[in-house]
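In: sequence? don't have it. structure:
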């Protein structure tokens, strides 16, 4: 009899442990009510504000995180629309030859993974397009830097190349150009310093 009571008590405790969190008044207060519609609307509103403010990475992170939890059509449509708007902004920057801005936006879209989502076929762009545009931006900045470099403006050339490294960190040509120009700049400074010390 005592063993049965002990078993019943153990089972009761196990049930409390298993089901108590879902009955907790704290959980009831902190969790969104209903089917999470308010939470979806809040996320969409916040992400749209981030896009409007040019905070594309934050917006895409918000959508990505929310989409992992909720594949609702409204969430998917807004996520997709945000991607299209951000891509359009990148294309606009590219057309006005702001390659640093355009390259950064294309890279943000690439890193967000939006072009690999289950709705990617409905987008007007894909990973190949984004990578192609990013590479075109890197190439344009490399050439712009080389033009200034040939005019002897080493610091300006380095500054342009560093803008490309922000979104194309592994670009060996740009890294090599920066290294060469930096070495030459240091050599020139050493020569000037030496000449200033010579009577």
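Out: Good, I have the coordinates. Not measured: the values here are computed from a predicted model. Numbering: from 1, shown residues only.

In: so residue 158 touches residue 181, yeah?
Out: Yes: with contacts counted by CB atoms under 8 Å, residue 158 reaches residue 181, the gap being 5.1 Å. In this view, the C-beta of every residue, glycine as well, is placed from N, C-alpha and C.

In: List the buried residues for stretch 161-173?
Out: 161, 163-164, 167-168, 171 (16 or more other CB atoms under 10 Å).

In: Which residues are in contact with the closest residue to residue 115 other than its chain neighbours?
Out: Distances taken as CB to CB, 6 or more residues apart in numbering place residue 127 nearest to residue 115, at 4.4 Å, with adjacent residues excluded. Residue 127 is in contact with 110, 115-116, counting by CB atoms under 8 Å, 6 or more residues apart in numbering.

In: Export the residues you listed as TSV, with columns for distance to residue 88, neighbour count and secondary structure.
Out: Formatted as TSV, the contacts of residue 127 follow (distance: CB to CB, whole Å; neighbours: other CB atoms under 10 Å; DSSP: H, G, I helix; E, B strand; the rest coil):
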residue	distance to residue 88	neighbour count	secondary structure
110	16	17	helix
115	15	18	helix
116	20	10	helix
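
In: Which one of those residues is nearest to residue 136?
Out: For these, the closest approach to residue 136 (CB to CB) belongs to residue 110, at 13.5 Å.

In: Would you agree that closest one is in contact with residue 132?
Out: No: under the criterion of CB under 8 Å, residue 110 makes no contact with residue 132, lying 10.8 Å away.

In: quick one, phi/psi of residue 117?
Out: Phi and psi for residue 117, reported as degrees, to the nearest 10, are phi -70, psi 170.

In: Tell me, how many residues neighbour it?
Out: Around residue 117 there are 18 other residues, counting by other CB atoms under 10 Å.

In: Name the residues of the strand or helix carrying residue 102 that are buried.
Out: Take DSSP states H and E as the rule and residue 102 turns out to sit in helix 99-112. Residues 99-110, 112 are the ones in helix 99-112 that count as buried (16+ other CB under 10 Å).
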